[in-house]
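Colleague: Any chance you can model this:
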Amino acid sequence: MVPAASALAASLRVVVLGDQGGSPEAIAKRVGGFVERDAAKVEALEHWRTSDLYSPAERAALDYTEAMTITGQGVTDAGMTELRRHFTDDAVIELTGLVAFQNLSSKFNSALDVPPQGFCRRPEE
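Modeller: Just a heads-up that it's a prediction; the model follows:
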């Protein structure tokens, strides 16, 4: 099972990358609960690579999330090796499904012109 903190971080990252604002509470409810300690991580999400708030497992999950989400990127062997250092095969499958669902939701909202709710800023490209 993917730990809730990793699932939450991955879900929120897709929201940011897809430019589809969503309520953190609604997303967290789907992935295992939102607690006050997660609020700091949400604020630091844009800088997840350098923030001390994210564990190595969460960083691996976020790297995988970006590889799945950003057009033109892909999952590398090195990225998958790092992910498997922290997650079981079942957890990798679960995380893949979660990220894929969030990407589907983002594309769905975009196609129907559902406006972002202003939860996250899209990182500068």
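
Colleague: quick one: low-confidence ranges for the chain?
Modeller: Where the chain drops to pLDDT under 70, the residues are 4, 8, 15-16, 18-38, 116-125.

Colleague: Can you get me a residue count around the nearest residue to residue 40 once chain neighbours are set aside?
Modeller: In space, and not counting its chain neighbours, residue 40 is closest to residue 53: 5.8 Å by Cβ to Cβ, 6 or more residues apart in numbering. The way it works is simple: take the backbone N, C-alpha and C, and place the C-beta from them, glycine included. When counting by other Cβ atoms under 10 Å, one arrives at 17 neighbours for residue 53.

Colleague: Which of the helices or strands spans residue 53?
Modeller: Here residue 53, judged by DSSP states H and E, is contained in no helix and no strand.

Colleague: For it, grab phi and psi.
Modeller: With angles defined as degrees, to the nearest 10, residue 53 sits at phi -70, psi -20.

Colleague: May I have the residues that are in contact with it?
Modeller: 40-41, 44 (Cβ atoms under 8 Å, 6 or more residues apart in numbering).

Colleague: Looking at those, which is nearest residue 100?
Modeller: Proximity of the contacts of residue 53 to residue 100 (Cβ to Cβ) peaks at residue 41, which lies at 22.1 Å.

Colleague: Now do the same contact list for the closest one.
Modeller: Counted by Cβ under 8 Å, 6+ apart, residue 41 has contacts 5, 8-9, 51, 53-54.

Colleague: pretty sure residue 44 is in contact with residue 62, am I right?
Modeller: No - in this structure, residue 44 is not within contact of residue 62 by Cβ atoms under 8 Å, at 11.2 Å.

Colleague: so what sits against both of the two?
Modeller: In contact with both residue 44 and residue 62: residue 54, using Cβ under 8 Å, 6+ apart.

Colleague: quick one: which of those two has more around it?
Modeller: A side-by-side neighbour count of residue 44 and residue 62, using other Cβ under 10 Å, places residue 62 first with 19 against 15.

Colleague: Let's verify the more buried one: helix, strand, or coil?
Modeller: Judged by DSSP: H, G, I helix; E, B strand; the rest coil, the three-state class of residue 62 is helix.

Colleague: That one: what's its closest spatial neighbour, skipping adjacent residues?
Modeller: The nearest residue in space to residue 62 (Cβ to Cβ, 6+ apart) is residue 48, at 5.1 Å.
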